[in-house]
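Participant: any chance you can model this:
(chains A and B)
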Amino acid sequence: MSDVARHEYCAVALADALLGSGELVVSPIGTLPSIAARLAKLTNEPGLLLTDGVATLMANTPPVGTNNVDVIAEGYLPYRSIFDVVWAGKRHVIMGAGQIDRYGNQNISAVGAWEKPTAQLLGMRGAPGNTINHPTSYFIGNHSTRVFVERVDVVSGVGYDRARKLGEVARFHRLVRVVSNLGVFDFGGPDNTMRLCFLHPGVRQADVEKATSFELAISPELTHTREPTTEELRLLREVLDPQHLGAQEVSP
Amino acid sequence: MLDKRMTEDEVVAQLADGMTLGIGGWASRRKPMSLVRAIARSKLRDLTVVSYAGADVGLLCALGKVKKVIFAFASLDSIALEPHFRAARQSGAIEAEEYDEGMLQWGLYAAACRLPFLPTRAGLGSDVFGRTSRIRTVRSPYDDGQELIAMPAITLDAAIIHMHCADKAGNGQCLGPDLYFDDLFCMAAKRRYMSCEKLVETSELSAQGPVQTLRIQRMFVDGVVHAPFGAHFTECPPYYQRDETFQKLYAATAKDKAALAQFVERYVLPNSAQAYREAVNAR
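Facilitator: This next block holds a predicted model:
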């Protein structure tokens, strides 16, 4: 296979965030996370349940960017049921972030003072409930000091410092992985802080540190993001994303 | 048989300044837009709007009808951020109360069940608690002793929703893929108004779809408005998809006062379904 593109490393790293999930609903927000979830289902995690983005659980994995004409329905999951699934914990969400801090507190609500924001973002959506109820990963395609911040302006998704203070009631809180256009992170740093684990090939540790406002922990086993297998590349390029839509969500 | 038919403007005449109004649908999906436009062109003001917000909240903010929004997000789906809502938030023109979207459901459900609150984990640890709302916690009275969010009932003075079919008694039929929370909006409200694409005889409802599509019961409906094309420009599948071109036109009015004035003149002021449709088709 020819050179692997950055967004393909991101897709594989996000698919790996789902390892060990078994039979869970994956809710990927955005195109690249959707590609990754379908890739995981076709490779290591065949038990995953995926929605068509509306209300149908689809047994198959059609390419992204199509109008889901070829969906094989295996279930019905309208919004009402989504929250039931969230609260039952049978879900892994892959969200984005307007801001994220070292503990994984995420902001998709507003930048500036919440009372009168300088930039109103999407709003909390399901981030508070998701993060306190089931596993969460993040995909951030524009890694910069404006996104990876010392302190988020509003906490939508809950980070490890806040979860710890809650104690037993937060026992379902788990941030699995952050994948950015520069690398892959977990929360294995001191006090569950963000830790750089893998650099996408072509990225240096200094590049990541320069694009991050807080001090990153560095994994003692820091290495490069793994190469996609030949089969994964075939699935990505020929089956799941023949239009290369995933590339649009990743800054060079 | 009960006859609850009325026009959009007759619904508006039953609303009052300062009311808390729930609006059904989700983002830019099956919003009761003909009712929203009727409110937008009325003299109503200082509304508190509760919504899985989209163009409904945006348009009402743009026309100064809103004192406060109770929300979890505001989006037009294909346009990620609702531009008029953003402008209203960023200028400080409206008050806000922000929840997780599952909490919003819980608040409506508590109101529907006539309970003061319902417990949930959602919100714990986030800024929903202590910052974007005034929720309190409650301790489990059982052995676990957990402290949970006590999501307060969101009681509505009035609710508006849009269905595919209805009869004049107020039985509503949803033929789309998702009811969203429209039944809860009706159950949480004191006055409930439902617009519909098709107004049919009760005996004809079963011909439109199976019995499990009859999702809105008439004891939760006070007024029925026949509003063909009534969700436009939001989607109303299987009848019609979102009008993306029109939505772009709407979104562009957030940065152009003259364009907004023209939009209102052309599309908000016409008070009949036919006049609106002609205006839309004349683009």
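Participant: close to chain A: what parts of the stretch 1-150 of chain B are there?
Facilitator: B:26, B:53, B:71-75, B:80-81, B:85-86, B:89-92, B:96, B:98-103, B:105, B:120-128, B:131-132, B:146-148 (CB under 8 Å from any CB of the partner chain). All C-beta atoms are positioned from the backbone trio N, CA, C, and that covers glycine.
Participant: out of those residues, which sit inside helices?
Facilitator: B:85-86, B:89-91, B:101-103, B:105 (DSSP state H).
Participant: now residue 36: closest residue in space, sequence neighbours ignored.
Facilitator: Since you didn't name a chain, this refers to chain A. A:Leu14 (3.4 Å; CB to CB, 6 or more residues apart in numbering or on different chains).
Participant: I was thinking of chain B, sorry if that wasn't clear
Facilitator: Per CB to CB, 6+ apart, closest to B:Val36 is B:Asp56, 4.7 Å.
Participant: A helix includes B:Glu278, no?
Facilitator: Yes. B:Glu278 forms part of a helix when assessed by DSSP: H, G, I helix; E, B strand; the rest coil.
Participant: stretch A:64-78: end-to-end distance?
Facilitator: 20 Å (CA to CA, to the nearest Å).
Participant: can it be found next to chain B?
Facilitator: Yes. Contact of stretch A:64-78 with chain B is found when judged by CB under 8 Å from any CB, involving A:Pro78.
Participant: what's the offset of that stretch from the middle of its chain?
Facilitator: Taking CA atoms, centre = their mean, to the nearest Å, one finds the center of stretch A:64-78 at 21 Å from the center of the full chain.
Participant: buried set for it?
Facilitator: For stretch A:64-78, the buried set under the neighbour-count rule, 16 or more other CB atoms under 10 Å in any protein chain shown, comprises A:64, A:71, A:77-78.
Participant: for stretch B:3-11, same thing?
Facilitator: B:4-8, B:11.
Participant: A:His134: which of the buried residues of stretch A:64-78 is nearest?
Facilitator: Of all these, A:His134 sits closest to A:Leu77, with 14.7 Å by CB to CB.
Participant: which one is the closest one nearest to, not counting chain neighbours?
Facilitator: Spatial nearest neighbour of A:Leu77, chain neighbours left out: A:Leu57 (5.2 Å); criterion: CB to CB, 6+ apart.
Participant: need the contact list for the most centrally placed residue in chain A.
Facilitator: Nearest to the mean C-alpha position of chain A, by CA atoms, centre = their mean, lies A:Tyr138 at 2.9 Å. Contacts for A:Tyr138 (CB atoms under 8 Å, 6 or more residues apart in numbering or on different chains) come out as A:94-97, A:100, A:104, A:106, A:157, A:175, A:177-179.
Participant: ok, which of these also contact chain B?
Facilitator: For chain B, the contacts drawn from the contacts of A:Tyr138 by CB under 8 Å from any CB are A:Gly157.
Participant: make a PyMOL selection of the buried ones in the contacts of A:Tyr138.
Facilitator: In PyMOL syntax, the buried subset of the contacts of A:Tyr138 is picked out as below (16+ other CB under 10 Å):
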select buried, chain A and resi 94+95+96+97+100+104+106+157+175+177+178+179
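Participant: mind giving me the domain ranges of chain B?
Facilitator: Structural domains annotated on chain B: B:8-99+B:154-243, B:116-152, as defined by automatic domain parsing.
Participant: got the end-to-end distance for stretch B:49-64?
Facilitator: Span of stretch B:49-64 from end to end, CA to CA: 12 Å.
Participant: now it: mean pLDDT?
Facilitator: For stretch B:49-64, mean pLDDT rounds to 98.
Participant: how about the residues of the stretch 101-250 of chain A by chain B?
Facilitator: Within the stretch 101-250 of chain A, the positions near chain B by CB under 8 Å from any CB are A:109-110, A:114-129, A:131-133, A:154-158, A:162-163, A:165-166, A:168-170, A:172-173.
Participant: quick one: buried ones out of the residues you listed?
Facilitator: A:109-110, A:114, A:117, A:120-129, A:131-133, A:154-158, A:162-163, A:166, A:169-170, A:173.
Participant: now the host helix or strand of B:Val36: mean pLDDT?
Facilitator: Per DSSP states H and E, B:Val36 falls inside helix B:33-40. For helix B:33-40, the mean pLDDT works out to 98.
Participant: which other helices and strands contact it?
Facilitator: helix B:8-13, helix B:55-62, strand B:156-166, strand B:189-199, helix B:273-281 (3 or more CB pairs under 8 Å, 6 or more residues apart in numbering or on different chains; DSSP states H and E).
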